[in-house]
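>>> sequence and predicted model, in that order:
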Amino acid sequence: KRDIYALEKQLRSGLRSLPFLGHGYLFFGNNQTLMKAFQRLGRAAIKNEHGLCPLWIGTKFYTVMADCEAADFVLKTALAKDDIMKMATLFLGNGSIFAPVPIWKPRRRVLIPTFGTKNMKHFLWIFNKQSNVLTEQLDKVAGSGTVSIWRYYTAYTMDSIAEATLGYQMHAQTNSGHPFLQAFDTGLEQCAIRLCSPWLHSDVVYHNLPIYKKLVAMKNYMWGFLKELIDTKRKEMKKAEKNKQETNDCDSNESMTTFLELLIRSPGADDGYTDTEVLEELMVIMIAGNDTSAVGSSFVTLMFARHPDVQEKVLEELQQVFGESDRPVSSKDLPRLKYLDAVIKETLRLYPPVPVTTRKIEKEIILPSGIKLIPGTGALMNIWAIHRNPRQWGDDAEQFRPERFLDSPLKHPAAFMPFSHGPRNCVGYQFAMTSMKTVLSSVLRRYKILPAEHSPHSQPSIRPIRLKFDLMMKDVDGFQIQLEHRSKQRHSY
Ligand code: HEM
């Protein structure tokens, strides 16, 4: 460990490391403490000369990165995920997101074309349909005080993902009682608890706890459910091939191509993808794509409530594109929503749904600054801190200013990485941006978004948002806002 101690010495941060625990004590507490620990480490790294700081979790050493050049280098050279992610294999098997590099590489090649622009047009139809259901639900609560918008967006993304992925109508927005939803939510909640509780990390301990058995039962239910859908789809596709009834009409629902079909059709290994491979990738898409986009849309909505001037500018843009119509969003509208795009990006900069990601250092890496990363250690990309580093974002880095995405290009391609960066970045980037733009433009055309009712001494615009980390970064208070029908108050604008 001599090399590691030498590296630690170079990176000294002033954060105390205790015997045995290292900096692990920073993480003890609840999921708010966890987010605060990432913020503290991020700030310490920003202050350091190289934008890096040391982190000991017990005997494991990590280099925390708030410098985009260093993160860029690591994300392009170290492709293996850190061992801590292995805990997710219970649900995902060898699904690409956390899979070892030799399994991930060929799967990534298959996934990329399924997210191509052509397929995105099919998915836009789903986003419009599900946005419609969302506004029907919001109509019931608009004008009746404070609501937690998170609950609505997470149901919207679940319905969209289930339809785009499986061609299955989950109806999460109208009925939250589907057993798949319950297994999905409880499973993710338990994964978050385990990830945040170092004493549950050991398989020997965890596999002997009652919750493990419960979790396995949920996983078995979800996998069984998906397996049935795969079997049915394979049969349907064989029948359709036989009858030569395939159609190429992209604009209607009849020709909708789901991820399930795209994965079954993809060449994969020798004889196409096996059922297990298809199943693992479906789980990855559903888990990676659901709450991430819901968190993104929820933070943007919170920003609308806190920055009425920004909301007003987006509304003006929407009126230029849609007039007074509440028609569906078309693929031609999307590039015209430039300011909305900037607002979403600025929100994801300050509130990245995935605030940290890790890589395993398997071979020695010499960073552009000359710092040597040691094999056997980890690198923790602190996306939250990279996005707030004044070296890239200037002295107003902490301020919400969407115009910065319109005024000038990024100073470094890795300065903005809510979807990560390099060969293992998010494949669902375009899917997520299209989904968020569709739902946000539908909501904003219909409602004025106002801050939650609050105690008189706390100004919503200046009160910092309380953050927590439970697999993702979320608002502790559940993204509370108020909605007012625009038709009833249009004259106030
Ligand atoms: C705002 C929304 C989203 C955010 C912020 C986000 C963020 C991320 C990040 C940070 C990673 C990479 C983690 C790493 O480098 O270790 C990732 C990977 C991934 N995301 Fe997303 N994501 C979003 C939406 C989606 C959606 C909608 C889908 C699918 C429909 C999706 C599918 C994936 C997949 C499959 C991977 C794994 C890629 C690979 O390992 O090759 N994501 N996402």
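Okay, I see it.
>>> element containing whichever residue of the stretch 201-350 of the chain sits closest to the ligand, please.
Residue nearest to the ligand within the stretch 201-350 of the chain: Gly289 (2.9 Å; C-beta to the nearest ligand atom). Where C-beta positions appear, they are placed from N, C-alpha and C, glycine not excepted. Here Gly289 sits within helix 275-306, counting by DSSP states H and E.
>>> list the buried residues of that helix.
277-306 (16 or more other C-beta atoms under 10 Å).
>>> could you give the average pLDDT over it?
For helix 275-306, mean pLDDT is 93.
>>> following that helix in sequence, what is the next regular element?
Counting by DSSP H and E, what follows helix 275-306 is helix 308-322.
>>> who are the packing partners of that following helix?
helix 275-306, helix 338-350, helix 429-446 (3 or more C-beta pairs under 8 Å, 6 or more residues apart in numbering; DSSP states H and E).
>>> mind putting these into a markdown table with distance to Gly378?
Listed next are those as a markdown table, based on distance: least, C-beta to C-beta, whole Å:
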| stretch | distance to Gly378 |
| --- | --- |
| helix 275-306 | 21 |
| helix 338-350 | 24 |
| helix 429-446 | 25 |
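>>> to Leu55, which of these lies closest?
Comparison of the helices and strands packed on helix 308-322 against Leu55 by C-beta to C-beta identifies helix 338-350 as nearest, at 22.8 Å.
>>> the helix or strand following the closest one vs the ligand: in contact?
The element immediately downstream of helix 338-350 (helix or strand, assigned by DSSP H and E) is strand 356-360. Yes - interface with the ligand: strand 356-360 contributes Thr357 (C-beta under 6 Å from any ligand atom).
>>> run the chain-centre distance for strand 356-360.
15 Å (C-alpha atoms, centre = their mean, to the nearest Å).
>>> next one: stretch 318-335
The answer for stretch 318-335 is 26 Å, by C-alpha atoms, centre = their mean.
>>> make 9 the first number, not 1, from now on.
Yep, numbering from 9; the last one is stretch 326-343 now.
>>> show me what from this protein comes close to the ligand.
With C-beta under 6 Å from any ligand atom as the criterion, the chain comes near the ligand at residues 104-105, 112, 116, 119, 292-293, 296-297, 300-301, 304, 361-362, 365, 426-428, 432-436, 439-440.
>>> tell me the spacing between the residue nearest to the spatial centre of the chain and Thr194.
Computing the C-alpha centroid of the chain and ranking residues by C-alpha atoms, centre = their mean puts Thr300 first, at 2.7 Å. Note on Thr300: its distance to Thr194, by C-beta to C-beta, to the nearest Å, is 19 Å.
>>> check Glu372 too.
Glu372 is 42 Å from Thr194, by C-beta to C-beta.
>>> same deal with Tyr359?
26 Å.
>>> can you check Trp133 too?
Trp133 sits 31 Å away from Thr194, going by C-beta to C-beta.
>>> ok, Lys340 next?
41 Å.
>>> buried ones in the lengthiest helix in the chain, by neighbour count?
For the chain, the longest helix by residue count, based on DSSP state H, is helix 218-251. The neighbour-count check on helix 218-251 (16+ other C-beta under 10 Å) flags 220, 223, 226-227, 229-231, 233-234, 237-238, 241-242 as buried.
>>> ditto for stretch 438-447
So, applying 16+ other C-beta under 10 Å, buried residues of stretch 438-447: 438-447.
>>> and for stretch 11-20?
Of all the residues in stretch 11-20, those buried under the rule 16+ other C-beta under 10 Å are 12, 15-16, 18-19.
>>> one more: stretch 31-40?
Applying 16+ other C-beta under 10 Å to stretch 31-40 flags 31-32, 34-35, 39 as buried.
>>> just the closest of the residues you listed to the ligand, please.
Asn39 (18.1 Å).
>>> for Leu26, give the beta-bridge partners.
Under the criterion DSSP bridges, Leu26 forms beta bridges with Gly30.
>>> cool, and Thr365?
Met389.
>>> so it touches Met389, yeah?
Yes - Thr365 lies in contact with Met389 (C-beta atoms under 8 Å); the separation is 5.0 Å.
>>> which stretches of the stretch 59-208 of the chain form strands?
Here the stretch 59-208 of the chain has its strands, by DSSP state E, counting those that start in this stretch, at 60-65, 68-73, 154-156.
>>> start to end distance for stretch 369-385?
End-to-end distance for stretch 369-385: 6 Å, by C-alpha to C-alpha, to the nearest Å.
>>> chain center to that stretch: distance?
For stretch 369-385, the distance to the chain centre is 28 Å (C-alpha atoms, centre = their mean).
>>> repeat that for stretch 431-450.
10 Å.
>>> list the contacts for Gly304?
352, 355-356, 361, 426, 440, 444 (C-beta atoms under 8 Å, 6 or more residues apart in numbering).
>>> returning to that earlier point: which one's more surrounded, Tyr359 and Thr194?
Tyr359 (24 against 14; other C-beta atoms under 10 Å).
>>> quick one: pLDDT of the more buried one?
You'll see Tyr359 listed with a pLDDT of 98.
>>> got the phi and psi for it?
Dihedral pair for Tyr359: phi -130, psi 70, per degrees, to the nearest 10.
>>> find the nearest non-adjacent residue to it, please.
Using C-beta to C-beta, 6 or more residues apart in numbering and skipping the chain neighbours, the partner closest in space to Tyr359 is Phe307 (4.3 Å).
>>> you'd agree the one you found is up against Thr355?
Yes - between Phe307 and Thr355 there is a contact under C-beta under 8 Å: 4.9 Å.
>>> all the helices of the stretch 359-501 of the chain, residue numbers only.
391-394, 398-401, 412-415, 437-454, 494-497 (DSSP state H, counting those that start in this stretch).
>>> shaky segments in the stretch 109-258 of the chain?
252-258 (pLDDT under 70).
>>> switch to 50 and redo it
257-258 (pLDDT under 50).
>>> nearest to the ligand: which residue in it?
Counting by C-beta to the nearest ligand atom, the stretch 109-258 of the chain gets nearest the ligand through Arg116, at 4.5 Å.
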